[in-house]
Structures are given as structure tokens and as C-alpha cells.
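A.B. asks: I'd like to go over a predicted model; first the sequence, then the structure.
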Amino acid sequence: MNQIETAQRYKSQSIHYLENVYSSLDAGDAEKAGEFLWGSMAEALKAVAASEGRELKAHWEIGDYARELAKKREDKSIWYAYTDASYFHHGFYEAGLTIDDVRLRLDGVRETIRKLLEPVLE
């Protein structure tokens, strides 16, 4: 698979996960909604990286790339959205997330995902 196909696959998966956030919220499953939000953010970052010919595999690589991209684009919202999404990833295993926890962070993370994905292979 070439870098364009890889970036498009990550972009599609990010959108799919983001759609699942809303289904999970409607079902009252905060942990699953949070994990899908994390997945959407991670896949969006992987899509951007793939469009640059880079591959991110480990969790720490995704975090390092989010920090690097925030600096490169001079857009702190990338880092803030990443840390919010990462909170949900950890919260999934701890259980105890509430629907309000997800809803409070959803708009900011969703908007950042949109910004990340918009230029990827339009």
C-alpha cells in the first residue's frame, strides 16, 4: 500500500470512529464513546503522518507527533485535543468516565480532528 492509500485508510477509519462516538453516547456508554474519540484522534494523526511519508505505530510515537505537529503548525489545539483524547484512552481501562466527561471535550477534539483531516487527500 502506498502512502496516499495509507493516509486515506487512516482518514476513513478516523471518520468511522468519530461517527461511533455519537452512537456510543446515544447508547449511554461513556467509556466506549471516549475510546472511539481517542481512536479517531489517533487515526487522524496517523493520516497526517502518512501523508508526509511517516508511519506511527506506538502510542508514544503518536504523542510525540502530536506535539511536533502542534509546534510546526503553531497550533496548540492539536496538543490539547490529543491530551484530551488520550485521557479517554486511559479512562477506558479505569472505568468511571461519564457522558458529561466526553461531551465536555468532544467539540474541541472533533474540531481538531476536522482540521487535521481536511487537507489529507481531499
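C.D. replies: All right, it came through fine.

A.B. asks: What separation do you get for residue 99 and residue 19?
C.D. replies: As judged by Cβ to Cβ, to the nearest Å, residue 99 and residue 19 stand 17 Å apart. For glycine as for every other residue, the C-beta is placed from the backbone atoms N, C-alpha and C.

A.B. asks: Next secondary structure after whichever strand or helix holds residue 19?
C.D. replies: Per DSSP states H and E: residue 19 is located in helix 3-26. Elements were assigned by DSSP H and E; along the chain past helix 3-26, the next helix or strand is helix 30-51.

A.B. asks: Okay, buried residues for the next helix or strand after that following helix please.
C.D. replies: Later in the chain than helix 30-51, the nearest helix or strand by DSSP H and E is helix 59-73. By 16 or more other Cβ atoms under 10 Å, the buried positions in helix 59-73 come out as 62-63, 65-66, 69-70.

A.B. asks: Including pLDDT and distance to residue 50, could those residues go into CSV?
C.D. replies: Below are these laid out as CSV (pLDDT from 0 to 100; distance: Cβ to Cβ, whole Å):
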residue, pLDDT, distance to residue 50
62, 97, 12
63, 96, 17
65, 98, 11
66, 98, 15
69, 97, 13
70, 97, 18
